[in-house]
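Structure here, sequence nowhere to be found:
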């Protein structure tokens, strides 16, 4: 939308997040960021299908099902247990379902239960080995993204970063300064993905898909003068419908709405950590027959389950930083190590305002022009003479042209006719700013096509990912809203963020919300409109959580936090990292001189080295350390790895191209 028109319109159409077509457009692209709830919106859609393809390609003979995120198997074959009972799954991983109360403060008999889906990449050494470092919990964003999916895709990257680079098969080492090797764990939070019960506001998956396609057709705020009115009423209706279902209590699943916010998830995390301590002790005791009495005593003492005192090693990304800070505030004695990566302002999040996210977003366009100019016409489809400023101008002009002149695409071959709109392009830009390494070249190619009034590749991408689901036989034979008809969907994210956000948006009128949307638009031309939709989801959401910790979020922990930030992050600006450090004495900010969301969006061996030291020895980087990345968008590798780091760089480059799952 032309900038001068931005001030006269507000907010996207009723889309609960990214359009359905975009979910499959760039393989591997997703929304890790807090508030960008496309990842949770289609946990059952494109995100999970990419993970599904990954698993299919690496596991022969695994029974798979494309709908239901990750895979229906093995979860349907694992009964929830009050202990962590791990089963081999997805090749090198282990899965468990932990039975916890829906309401942690309800001790009455008959309190509904939740079956948490937990996945673990086992350590390279057993718990009986003195080099076993413990359990590292890696929590992705959303809120509402799948921790299970994320670990399947990226668990090995995180393990490679935090583990010692000493080959674990080498046993002739000094155990007094021994290297450490970690379990890597992830979890689907309440209502999310493979955790049961699932939260849903639609009678069937097909009805949700129809709603979504209608929303996509209306376009983002600014795509028409009426977009705000459509979005406001449509989104409000969705929230009111969710609220009425929860209030009716017709199904036990609907009661979950009052227990999906961050505070109960902290309690879930405590239970997982405790039960992992129990599991660790059992594993050690079961091995005693292989050791001498002296060795067995050492192993027993080292692996003893310290009930009520088990510690957490944590790496939280995006919304995972808000969850980690909540945990550290509510359970400070349990934090042994904590990496906070892509920092959400927990105070702003708890107020439900979402006003501290977009301060650096638009600066990324300048970098697009700069890198494109350096790479030249062979690597950047938007290259034009005149330097980075001229390229950025061409970028803006091309996008603006779509506002009044969308590109019609005639039917050709198996493709139907289509229309490429301003709204379509703005969503692609939003995705690309998250992960410039992988998607700046894609974005440049699409923009170049559109500048020539060619929308063919764009149309193909849209149409190959759009769909309306066919209800399963079990759903056809069951009443609406019952478990047989529930699949993960967009409702998960507002169920978390609206109940976390102090009920500040509920009941806002259009005039007040337009003013709020305008404030966000002033912060960012490229993200302001779509970002404003996040809070809009709460306007009609009349569900107050049963238990909510309001903050403040500050304090001291045993080992200060290591806080990571990119110099230009589209939704978690670096200033948030420094604000967090000021609230937690002793914490240190480590900066990547890169663009994109979270450390993993750009291969950075320097940061990986400091993070490894932190987990191996507790050593912190120097204050105000800025790490140079090893790869730049369009250009490629700009800083070769040091000797012995080739494999780690290859792993980081791979994850940077798929990290937003």
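Received it, and whenever you're ready, just let me know what you need. It should be emphasised that the depicted structure is a prediction, and the values quoted were computed from it without experimental measurement.

Residue 567 - nearest residue in space that isn't next to it in sequence?
Closest residue in space to residue 567, ignoring its immediate chain neighbours: residue 593 at 5.3 Å, by C-beta to C-beta, 6 or more residues apart in numbering. For every residue, glycine as well, the C-beta is placed using N, CA and C.

The one you found and residue 630 touch, don't they?
No - assessed by C-beta atoms under 8 Å, residue 593 is found out of contact with residue 630, at 11.0 Å.

quick one: secondary structure of residue 184?
Under DSSP: H, G, I helix; E, B strand; the rest coil, residue 184 falls in the strand class.

report the longest helix in the protein, please.
Using DSSP state H to define each element, the chain has its longest helix at helix 262-285.

which one of residue 593 and residue 630 has more residues nearby?
residue 630 (23 against 15; other C-beta atoms under 10 Å).

looking at it, that one is touching residue 607, isn't it?
No - with contact defined as C-beta under 8 Å, residue 630 does not count as touching residue 607 (10.0 Å).

Output the contacting helices and strands for the longest helix of the chain.
On a contact count with 3 or more C-beta pairs under 8 Å, 6 or more residues apart in numbering; DSSP states H and E, helix 262-285 meets strand 93-101, strand 113-121, strand 132-139, strand 181-188, helix 293-302, helix 319-330.

change it to 6 Å
Where contact means 3 or more C-beta pairs under 6 Å, 6 or more residues apart in numbering; DSSP states H and E, helix 262-285 is packed against helix 319-330.

any idea of the mean pLDDT in the helix it packs on?
Averaged over helix 319-330, pLDDT sits at 97.

To what extent is residue 354 buried, counted in neighbours?
Other residues close to residue 354 by other C-beta under 10 Å number 25.

Just to be sure, it is in a strand?
No - if the criterion is three-state DSSP, then residue 354 is coil and not within a strand.

Am I right that residue 565 falls within a helix?
No - remark: residue 565 does not belong to a helix; assigned using three-state DSSP, it is strand.

Could you check how far the closest residue to it other than its chain neighbours is from residue 361?
Nearest in space to residue 565, with sequence neighbours left out and distances taken as C-beta to C-beta, 6+ apart, is residue 577 at 3.7 Å. Distance, residue 577 to residue 361, using C-beta to C-beta, to the nearest Å: 16 Å.

If you count surrounding residues, which of these two has more?
Between residue 577 and residue 361, counted using other C-beta under 10 Å, the more crowded position is residue 577 (27 against 22).

tell me which element that one is part of?
helix 574-583 (DSSP states H and E).

all strands for the stretch 301-450 of the chain, in order.
Taking DSSP state E, counting those that start in this stretch as the criterion, the stretch 301-450 of the chain carries its strands at 312-317, 335-341, 407-409, 418-420.

Pull out the buried positions in the helix holding residue 577.
Across helix 574-583, burial judged by 16 or more other C-beta atoms under 10 Å covers 574, 576, 577, 578, 579, 580, 581, 583.

And stretch 507-519, by the same measure?
Those would be 508, 513, 514, 516, 517, 518, for stretch 507-519 by 16+ other C-beta under 10 Å.

now swap in stretch 547-560 and tell me
Residues of stretch 547-560 classed as buried by neighbour count (16+ other C-beta under 10 Å): 547, 548, 549, 553, 557, 559, 560.

Do me a favour and get the end-to-end distance for that stretch?
Criterion C-alpha to C-alpha, to the nearest Å; first-to-last residue distance in stretch 547-560 is 28 Å.

So which residues make contact with it?
Applying C-beta atoms under 6 Å, 6 or more residues apart in numbering, the external contacts of stretch 547-560 come out as 105, 261, 263, 325, 328-330, 332, 335, 337, 346, 350, 583, 585-587, 618.

Relative to residue 123, which of the buried residues of stretch 547-560 is nearest.
Using C-beta to C-beta, residue 559 comes nearest to residue 123 of the buried residues of stretch 547-560, at 20.1 Å.

That closest one is in what secondary structure piece?
Counting by DSSP H and E, residue 559 is part of no helix or strand.

Tell me which residue of the chain is furthest from the middle?
residue 293 (46.6 Å; C-alpha atoms, centre = their mean).

for it, what are its contacts?
Residues in contact with residue 293 (C-beta under 6 Å, 6+ apart): none are found.

And it, how close does it get to residue 300?
Counting by C-beta to C-beta, the separation of residue 293 from residue 300 is 10 Å.

Would you mind measuring from residue 328 to residue 287?
On the measure of C-beta to C-beta, residue 328 and residue 287 end up 33 Å apart.

out of those two, which sits in the busier spot?
Under the criterion of other C-beta under 10 Å, the comparison of residue 328 against residue 287 puts residue 328 first, with 26 against 16.

surely that one meets residue 335?
Yes - with contact defined as C-beta atoms under 6 Å, residue 328 and residue 335 form a contacting pair (5.2 Å).

Give me the buried subset of the contacts of stretch 547-560.
Members of the contacts of stretch 547-560 classed as buried by 16+ other C-beta under 10 Å are 261, 263, 325, 328, 329, 330, 335, 337, 346, 350, 583, 587.

Now do residue 373 against residue 332, distance only.
Residue 373 sits 48 Å away from residue 332, going by C-beta to C-beta.
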